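In: let me see the structure of the following:
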Amino acid sequence: MSRLTVTEKEHWKSRIEYRINRAIESLQLKEVTLMPNIKAKADLQAHKFLGTDVLHSKIESIRKQIKALDEEQDRLESEMYSIALGKLDTITQSSYQFKSDFWNMHRQSQQRFEDAFLRDSAIGREILKLREEKESLLDTVWLATSSAQMRDLWSRVSSVVGDDATPLQQQILAEGVKSPETV
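Out: Model (predicted):
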């Protein structure tokens, strides 16, 4: 049985996570519009779910107007840079907290919808599998370097709580009787 230190396990977790991230990026390059489209659809669904879609639509319209006005302002300011300075915006602490709370709720809702949209495509399902593997990576590293008794306990607890092992964890558990030195 391998006796890795916590630092070594963290190192391997980090290296494997890097490889998973590269695999996700590679999948995303196969269909470059997949994630932007899913994020946009998930954003709209999150606003509908939170009951803020009409307000969000109005805000987006205002943002477009602001962008046009900002571009006009930039053009005018470029003509008078020799005599004019920029502006400074300030936000009060209370309004910042309110906005922050809302956007945290929105991000959580958007993530749920993004995951649902990812399930609709083969590449998306692969991305979800890799994300799940990445989220469980620390447990996987510990499982791979644990004794047969700990692997058995892990399997039993997973069965009781209805928590399926990731594909990588399933491979590790299937090898159960082999020790890492003999592999």
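
In: which other helices and strands does the helix or strand of the chain with the lowest mean pLDDT contact?
Out: None of the helices or strands of the chain scores lower by mean pLDDT, DSSP states H and E than helix 93-118, at a mean of 79. The contact analysis (3 or more Cβ pairs under 8 Å, 6 or more residues apart in numbering; DSSP states H and E) places helix 93-118 against helix 34-50, helix 122-135. Just so you know, the C-beta spots here come from the backbone N, C-alpha and C atoms, and that holds for glycine as well.

In: could those go into TSV alongside distance to D70, mean neighbour count and mean pLDDT?
Out: Below are the helices and strands packed on helix 93-118 laid out as TSV (distance: least, Cβ to Cβ, whole Å; neighbours: other Cβ atoms under 10 Å; pLDDT from 0 to 100):
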stretch	distance to D70	mean neighbour count	mean pLDDT
helix 34-50	22	17	93
helix 122-135	35	16	93
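
In: now those as CSV including distance to M105?
Out: Converted to CSV, these look like this (distance: least, Cβ to Cβ, whole Å):
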stretch, distance to M105
helix 34-50, 6
helix 122-135, 21
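
In: what's the angle from the helix or strand containing L29 to helix 34-50?
Out: L29 belongs to helix 6-30 when assigned by DSSP states H and E. With axes from the mean of the first three to the mean of the last three Cα atoms, to 10 degrees defining the directions, helix 6-30 sits at 100 degrees from helix 34-50.

In: who does helix 6-30 touch, helix- and strand-wise?
Out: So helix 6-30, by 3+ Cβ pairs under 8 Å, 6+ apart, packs with helix 122-135, helix 137-144.

In: got the buried residues for that helix?
Out: Counting neighbours by 16 or more other Cβ atoms under 10 Å, one finds that the buried residues in helix 6-30 are 9, 12-13, 16, 20, 23-24, 27-28.

In: out of those, which is nearest to L143?
Out: K9 (10.6 Å; Cβ to Cβ).

In: OK, contacts around the closest residue to that closest one other than its chain neighbours?
Out: With Cβ to Cβ, 6 or more residues apart in numbering as the criterion, K9 has its nearest non-adjacent residue at 4.8 Å, and that residue is V141. V141 makes contact with 4, 9, 12-13, 16 under the criterion Cβ atoms under 8 Å, 6 or more residues apart in numbering.

In: same check, this time on R119
Out: 125, 128.

In: about what we covered before: pLDDT value on the residue nearest to K9, please?
Out: Here the pLDDT value assigned to V141 is 89.

In: again with the one 4 residues further on
Out: For T145, the pLDDT comes out at 87.

In: do you know how far it is from K30?
Out: 34 Å (Cβ to Cβ, to the nearest Å).

In: also L128?
Out: Distance from L128 to K30, by Cβ to Cβ: 15 Å.

In: please apply the same query to D120.
Out: For D120, the distance to K30 - Cβ to Cβ - is 16 Å.
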